[in-house]
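In: The sequence and its predicted three-dimensional model are supplied below.
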Amino acid sequence: MNPPVETLQQTIKVEDDRTGLSLETLKRAIADNLFYIQGKYPAIATKNDFYMALAYTVRDRLLQRWLNTTETYLKSKVKVVCYLSAEFLMGPHLSNNLVNLGIYDQVRRAVEESGLDFVELREQEEEPGLGNGGLGRLAACYMDSLASLEIPAIGYGIRYEFGIFDQEIRDGWQIEITDKWLRYGNPWEIERPEASIDVKFGGYTQAYNDENGHYRVRWIPDIIVKGVPYDTPILGYKVNTANTLRLWKAEAPESFEFEAFNVGDYYGAVNEKVVAENITKVLYPNDEPIQGKQLRLQQQYFFVSCSLQDMIRLHLHRQDSLDNFHESFAVQLNDTHPAIGVAELMRLLVDEHQIDWDRAWQITQNTFAYTNHTLLPEALEKWPLSLFGRLLPRHLQIIYEINQRFLGQVRAKYPDDHQRIARLSLIDESGEKYIRMAHLASVGSHAINGVAALHTKLLQQDVLRDFYELWPEKFTNKTNGVTPRRWIVVSNPKLAELINRKIGTNWIKHLEELKQLEAFVEDAEFRQQWRQIKQDIKRDLAEYVKKNHAIDINPQSLFDVQVKRIHEYKRQHLNALYIITLYNQIKQNPNIDVVPRTFIFGGKAAPGYFMAKLIIKLINSVAQVVNNDPDVRERLKVVFLPDYNVRFGQRVYPAADLSEQISTAGKEASGTGNMKFSMNGALTIGTLDGANIEIREEVGAENFFLFGLTTPEVYALKAKGYNPWDYYHANSQLKTVIDLISSGFFSHGDTNLFRPLVDSLLYHDQYMLFADYQSYVDCQEQVNQAYRDEEKWTRMSILNAVRMGKFSSDRAIREYCQEIWNAQPVNVEMQEYVQPKPDMGKEAQSVAAQASQAWLGAKT
Ligand code: NBG
């Protein structure tokens, strides 16, 4: 006889298919998702279908945390950090989410017991390449730390349809391929069309007096574009906090299409849609002059306006008035890309919410803070006034007003210092007029920071000197950091496991605890284990390179790695000059005893950056010669691995013995790759630039290969008159290298191919490769000597890794929270997901639901 149904429910507890963690439940969930979401049987499913089924299985397991987190923030009045960034280079989500949920091994087993290859599925994920490099990746590391530290935060950015291009190498040249990352769908995001926001462009302004007789301005735009949010959960490490990355996609609002349609202009209406959607089509690769690019300014304004309007909507749900907006939100400007936010918040407060100017300005300044990420003068954004005024007529007026009041203050402090006033002005009037976005950001923020100690100092002395003299108290340093979750636990599981065995797992959230491992440096067995891990990973990389690029590399050789964007200031070509130097030494004396080395390069050049592309060609041309010369006998290998991205970074940092951080001193704001290498036990050869300086301080000068001019020396040499020819004539080794390139030796006799590169070195050498050449070569010799002593090298490697505590992004985020944002952690209680059984309609009317709708899209 069957028991009554009620008794059954009490006695058998069935794990929820969407939340359960037992192997059986996970397997069933994957199979169900394959069927119900992908609409496939296993027999007809592609690898991607299986990956999607797996991804949804994982997403299901974090949804409850995500919604709980959002609800927690909405119900209380906690301060929320809003990180405004035109770039978020998140990298693959799957492994990271598995690690942060603490279910990596369990899910892996479930996949394997389902007869599937876990690694193969994991590799299916298209990484969202919504950034160029360091700046976008920093934003991603900071999102991870914010969530892991339980700080309420929203990342606001752009959902580019095409991210950073995919790179192929053909005949040694870079070829760009469009990045169709959304081709097979993106299981990590949820579209929230009901929370869309309108953004205006163009048109004109009108002054009027309101019913109280107050002077007001209204903006009558040419076009309106709709911003549709796409939300991705950003889960912290083993906490309930899952913050949101909200990226905006541009669409045409329906009403506009209808207007044109009614007068019979169907194609005009469709065109309107195309124009609107163009705004978020493509990420601009950096390093190109962008001054004239209207679309870029549209992108910036578009995402900033959407985000600020979104914040105001949220704020008004939690509070009655905007008067304390700055207590609800701390808004960080990630470089000047979102700096237009200063004028936009003023417009929203003054024009749309009738707050008087002075109060609005206080709120604005208290809300924003600005991080500068570059010292290169050509990279400081400025917009031609004419272009700006056409696109954002109201903002131009607001900027004039801000400028007038600001310069009034300056005049009061420095009467008659006209040059200073011209230098500080938000408008550059030296020729064609420009708006200086770094000035707008500096004036509109209560805090300004650089990203490494040297960088901040140079900002104060140089790039933002006048602002520093005006407001020294606004300036702080916030040395960059990177997340140990992705850059050790996810990418180097073997190393993580060894560390866990020795000191437990606390270091993953408190990286300074790695210091405890110093006790094992003199333990020969530990050193052996450490070496073995590096060796295994190097072998894996060698196999990967063999399989994917048909190049044999020797896993016993010193893996010397330079991976980062290709730029003259980063000096990949200095590295190439050293390779040629070594090659010449071997050719002169084929029996010379050299330390076998594999030079590994990776990085993209901006499509319009001719010299950077020529550097790629040079590296590949040198590789051709060196790799095929029998005299070299496998002692040197040069490989340029195409399409460097986050995923490849995860593979290559753990495999490196030597990290190349060789920028001209004073040019690299911080660098973050330098930190990822060192954490994984690579030694650094580097200049006193960016965060290298602080890394060297932490790991000890004796564990760091230092070379090159210091920043003051660079400045002094420039001032004195730098002549690269002097070095060319004085250094026969250098001369031989340069002459060999010029002779066409690496270019099948073509003496023209590399001439632009050689001439730029001989006649300008803006980044002083020649001045640093000998010091670099000598330093590389020290590297060779150290590598010959295996035990010594291992000690240095261990000390590098375990002294990297400072460079966790957790430390950086704590500093931002305490010194800039005034933000506190908030504990998110995990409520079990309960099916809304009796009356879904009724529940939707509840107070909690009302609050959530502010975020997930108001129904009203
Ligand atoms: C980059 C710097 C790096 C720095 C990252 C993150 C830009 C504009 N700047 O040195 O070049 O590490 O920002 O701060 O991408």
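Out: Looks like it arrived, so ask away.
In: ok, residue 444 touching residue 362?
Out: No - Residue 444 lies out of contact with residue 362 (Cβ atoms under 8 Å); the separation is 11.3 Å. Heads up, the C-betas are built off the backbone N, CA and C, glycines and all.
In: Comparing these two, which residue is more hemmed in?
Out: Under the neighbour definition other Cβ atoms under 10 Å, residue 444 and residue 362 were set side by side, and residue 444 has more, 26 against 14.
In: residues contacting that one?
Out: Contact analysis of residue 444 by Cβ atoms under 8 Å, 6 or more residues apart in numbering lists 339, 341, 342, 343, 364, 365, 368, 370, 402.
In: same thing with residue 224?
Out: 198, 199, 200, 201, 253, 256.
In: try 7 Å this time
Out: 198, 199, 200, 253, 256 (Cβ atoms under 7 Å, 6 or more residues apart in numbering).
In: Then residue 785?
Out: Contacts of residue 785 (Cβ under 7 Å, 6+ apart): none.
In: what about residue 662, how many neighbours?
Out: 25.
In: er, residue 330 actually
Out: Residues within reach of residue 330, counting by other Cβ under 10 Å, total 26.
In: Using the three-state scheme, assign it.
Out: Counting by DSSP: H, G, I helix; E, B strand; the rest coil, the backbone at residue 330 sits in strand.
In: so it sits right up against residue 821, yeah?
Out: Yes - counting by Cβ atoms under 7 Å, residue 821 is a contact partner of residue 330 at 3.7 Å.
In: Spit out the residues that contact these two alike.
Out: residue 81.
In: export the helix or strand that contains residue 801 as CSV, just CAs?
Out: Residue 801 belongs to helix 790-802 when assigned by DSSP states H and E. Taking Å, rounded to 0.1, in the frame of the first residue of the first chain, the C-alpha atoms of helix 790-802 are listed here in CSV:
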residue,chain,number,x,y,z
GLU,A,790,69.5,25.3,-9.2
GLU,A,791,69.2,25.5,-5.4
LYS,A,792,70.0,29.1,-5.4
TRP,A,793,67.4,29.8,-8.1
THR,A,794,64.8,27.8,-6.2
ARG,A,795,65.4,29.8,-3.0
MET,A,796,65.0,33.0,-4.9
SER,A,797,61.9,31.7,-6.6
ILE,A,798,60.3,30.7,-3.3
LEU,A,799,61.1,34.1,-1.7
ASN,A,800,59.6,35.9,-4.7
ALA,A,801,56.3,34.1,-4.4
VAL,A,802,55.9,34.2,-0.6
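In: chain center to it, what's the gap?
Out: Centre-to-centre, helix 790-802 and its host chain are 29 Å apart (Cα atoms, centre = their mean, to the nearest Å).
In: Just the residues contacting that helix, thanks.
Out: Contacts of helix 790-802 (Cβ under 7 Å, 6+ apart): 514-515, 517-518, 521, 527, 530-531, 678-681, 683, 699-700, 703, 786-787.
In: Over to stretch 737-754?
Out: Under the criterion Cβ under 7 Å, 6+ apart, residues 577, 580, 581, 584, 614, 618, 621, 622, 625, 728, 758 lie in contact with stretch 737-754.
In: Out of the contacts of helix 790-802, list just those in helices.
Out: Assignment to helices by DSSP state H places the following of the contacts of helix 790-802 there: 527, 530, 531, 678, 679, 699, 786, 787.
In: Can you report phi and psi for the closest residue to residue 305 other than its chain neighbours?
Out: Closest residue to residue 305 apart from its sequence neighbours, by Cβ to Cβ, 6 or more residues apart in numbering: residue 199 at 4.6 Å. Phi and psi for residue 199, reported as degrees, to the nearest 10, are phi -130, psi 130.
In: does residue 693 sit in a helix, a strand or a coil?
Out: Three-state assignment for residue 693 (three-state DSSP): helix.
In: Is the residue lying closest to residue 181 once chain neighbours are set aside in a helix, a strand, or coil?
Out: Spatial nearest neighbour of residue 181, excluding adjacent residues (Cβ to Cβ, 6+ apart): residue 126 at 4.6 Å. Put simply, residue 126 is coil when judged by three-state DSSP.
In: The residue nearest to residue 305: neighbouring residues, count only.
Out: Considering only other Cβ under 10 Å, residue 199 is surrounded by 24 other residues.
In: before we move on, the earlier item: tell me the most packed of the contacts of residue 224, by neighbour count.
Out: residue 199 (24 neighbours).
In: wait, what's in contact with the closest residue to the ligand within the stretch 451-600 of the chain?
Out: Per Cβ to the nearest ligand atom, residue 451 is where the stretch 451-600 of the chain lies closest to the ligand, at 4.0 Å. By Cβ under 7 Å, 6+ apart, the residues touching residue 451 are 371, 373, 478, 479, 480, 669, 670.
In: Brilliant, that's me finished.
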